[in-house]
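Q: A structural model of the following input is requested.
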Amino acid sequence: MVSDYPKITYRRHTFLSALAMGLAAIVITLIISCTVLIVYGMHFAGEKSEKLVALVEDAVQGMPVLQKSLPPFFADVLNDYRQPEYSAQLEITAKTGAPDQDGRLRTSVSVVNKGAEVVSLLSLRVVVLDSQGQILAESNEWAATPFAAEEDWPGPLMPGSHRYFTCSEHGAAAPSAGDLKTQIEITDVRLWSGRKDAPATDTAKPAETEKSAPAAPAPAAGV
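A: From the prediction side, this is the model:
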């Protein structure tokens, strides 16, 4: 007599099938974990960016108050503005000599402030080229800084001042100094705007003495 019930066949998992199932479970877990981390990171970055923007806005709004509360020296350093058009008032020349024994190219730079403003910041990019236009050496130099400190901070450039400095960089060997060409690029110019609360230099004119009004005539005595 044939039974009507279906037969259930049990198959044992082999080592490879068990390994594949384990790897699949690990991969699914990693995907879920990474998704959770990415979502949390985006949320965390969003909160931090909003706080950073708010902090920058508060700092910008509080700059005038902060500048007034600083000592005069630091307040003067912050009291400048960018003025690219003032580059026309600056005469800059440069000359590079032949490489020395160590292969360093030494460039002498001269800057003349022909204008009537105080240059608080002047940054230059010095590029040395050969006769074929190939770059042999390049560097960024400070020709003027808000204040003087050490050799890399020469200080502001006063009106009519003539400033000299040298810079040296390792470069490819050149046949002679005559084959070298030095180009100077002005990358930033800032001028000192002066302290608004500085005392006036002109002496105040003495106030004119007010003329006294003529006295009214005394009333005539009665008869």
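
Q: contacting residues for residue 121?
A: 80, 142, 144-146, 188-190 (CB atoms under 8 Å, 6 or more residues apart in numbering). Just so you know, the C-beta spots here come from the backbone N, C-alpha and C atoms, and that holds for glycine as well.

Q: So this protein: which segments form each domain?
A: 15-61, 82-192 (automatic domain parsing).

Q: Burial-wise, tell me which of those domains comes out on top.
A: For these, average neighbour numbers computed from mean count of other CB atoms under 10 Å are highest in domain 82-192, which has a mean of 16.

Q: State the distance spanning the first to the last residue of that domain.
A: Start-to-end span of domain 82-192 (CA to CA, to the nearest Å) is 9 Å.

Q: Now do it, average pLDDT.
A: In this model, domain 82-192 has a mean pLDDT of 88.

Q: Report the next helix or strand after the host helix or strand of residue 165 in sequence order.
A: Counting by DSSP states H and E, the element that carries residue 165 is strand 162-170. Of the helices and strands lying after strand 162-170 in sequence (DSSP H and E), the nearest is strand 181-192.

Q: Give me the contact list for that following strand.
A: 76, 79-84, 86-87, 90, 92-96, 107, 109, 117-131, 140, 156.

Q: at 6 Å instead, please
A: By CB atoms under 6 Å, 6 or more residues apart in numbering, the residues outside strand 181-192 that reach it are 80, 82-84, 86-87, 92, 94, 96, 107, 117-118, 120-125, 127-129.

Q: Which of those residues fall within strands?
A: The strands, defined by DSSP state E, take in 80, 82, 92, 94, 96, 107, 120-125, 127-129 from these.

Q: Make CSV from the contacts of residue 121 and add distance to residue 113 to it.
A: Shown next, in CSV, are those (distance: CB to CB, whole Å):
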residue, distance to residue 113
80, 15
142, 15
144, 8
145, 14
146, 15
188, 15
189, 11
190, 13
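
Q: Identify the farthest-apart pair in the residues you listed.
A: By the measure CB to CB, 80 and 142 form the most distant pair in those, at 14.4 Å.

Q: quick one on the thing from earlier: which helices and strands does the strand holding residue 165 pack with?
A: Here strand 162-170 touches strand 104-113, strand 135-144, going by 3 or more CB pairs under 6 Å, 6 or more residues apart in numbering; DSSP states H and E.

Q: Remind me what the first one packs against, helices and strands.
A: Just to be clear, that refers to strand 104-113. strand 90-96, strand 119-129, strand 162-170.

Q: Take the helices and strands packed on strand 162-170 and write them to a markdown table, including distance to residue 168.
A: Below are the helices and strands packed on strand 162-170 laid out as a markdown table (distance: least, CB to CB, whole Å):
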| stretch | distance to residue 168 |
| --- | --- |
| strand 104-113 | 4 |
| strand 135-144 | 8 |
